[in-house]
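[1] kindly return the folded structure for what I paste below:
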Amino acid sequence: MDFTFLASTMVTLLKAVPTTLILFSLSIFFGGVLALVIVSMRVSGNPVLSGFAKGYIFVFRGSPLLIQMFLVFYGLGQFGVIRYSFLWPFLREPMVCAVLSLALCTAGYTAEIFRGGIRAVSPKEIEAARSIGMSGFLLVRRILAPIAFRHALPAYSTEIVLMMKSTALASLVTVWEVTGVAQRLISQTYRTMEVFLCAAIIYLVLNFIILQGMALLEYSLSRHRRAAPQPLKA
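    Predicted coordinates:
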């Protein structure tokens, strides 16, 4: 194995890591915000809002992310109302289209994860909070949201890892993140094994860091569930 080539390849791919991280961070942020809106509509009790949320979740969970990305990147420009609007200078950019498609997709999955967390909250805890005068936003902020997020965190961490891996699809719409740069190197060197091995190592390290961060967050949110150390008996 040519270690000199591996080292040079790794250096080249590492230069694309910031693009991957920007793509990942923006997708998770906007997807998370949209998921909060969708899950609010889903549990609102309003049949129109709930029906819209159900339809949104069904569409974006039921269709392949790659097709969604192609529809955003290649399809939006076919509509004159978009092509001649103030949005077009942004939507014609590959990075914006990649972030938009990834965010729309993860919002559907994240909304269902958050809904599962909300359903895991014990009704007794909500009744206890209401009995002392909590209601509305205060109830959500102090009781519902923290408990629901703690229950949803294991599944949400899996979704975050999947989103990191899904950023590789952005190379198909000409965003030169790690996978896109790897494919360009392969077309120049014809050394598929070495290039993709370096790319795989980068993704493994990034996902390891993400999982460790999520594990620390879950640990810090579960302090009350850990038994206090017992005093030693004489």
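[2] mind naming the longest helix for this structure?
    helix 192-221 (DSSP state H).
[3] what's that one packed up against?
    On a contact count with 3 or more Cβ pairs under 8 Å, 6 or more residues apart in numbering; DSSP states H and E, helix 192-221 meets helix 3-14, helix 17-42, helix 145-166, helix 178-189. (Each C-beta comes from the backbone N, C-alpha and C, glycine too.)
[4] can you give me how far it is from the chain middle?
    Distance of helix 192-221 from its chain centroid, counting by Cα atoms, centre = their mean, to the nearest Å, is 14 Å.
[5] and the lowest-mean-pLDDT helix or strand in the chain, which residues are buried?
    Lowest on mean pLDDT, DSSP states H and E among the helices and strands of the chain sits helix 136-139, with a mean of 78. Within helix 136-139, no residue counts as buried by 16 or more other Cβ atoms under 10 Å.
[6] what do you get for stretch 42-61?
    42-43, 49, 53, 56-57, 60.
[7] among the residues you listed, which one has the lowest pLDDT?
    Across those, the bottom pLDDT score, 88, is held by Val43.
[8] what about that one, distance to Glu127?
    17 Å (Cβ to Cβ, to the nearest Å).
[9] just Ala168 next, same as before
    Taking Cβ to Cβ, one finds Ala168 at 46 Å from Glu127.
[10] Gly136 too?
    In this view, Gly136 and Glu127 are 15 Å apart by Cβ to Cβ.
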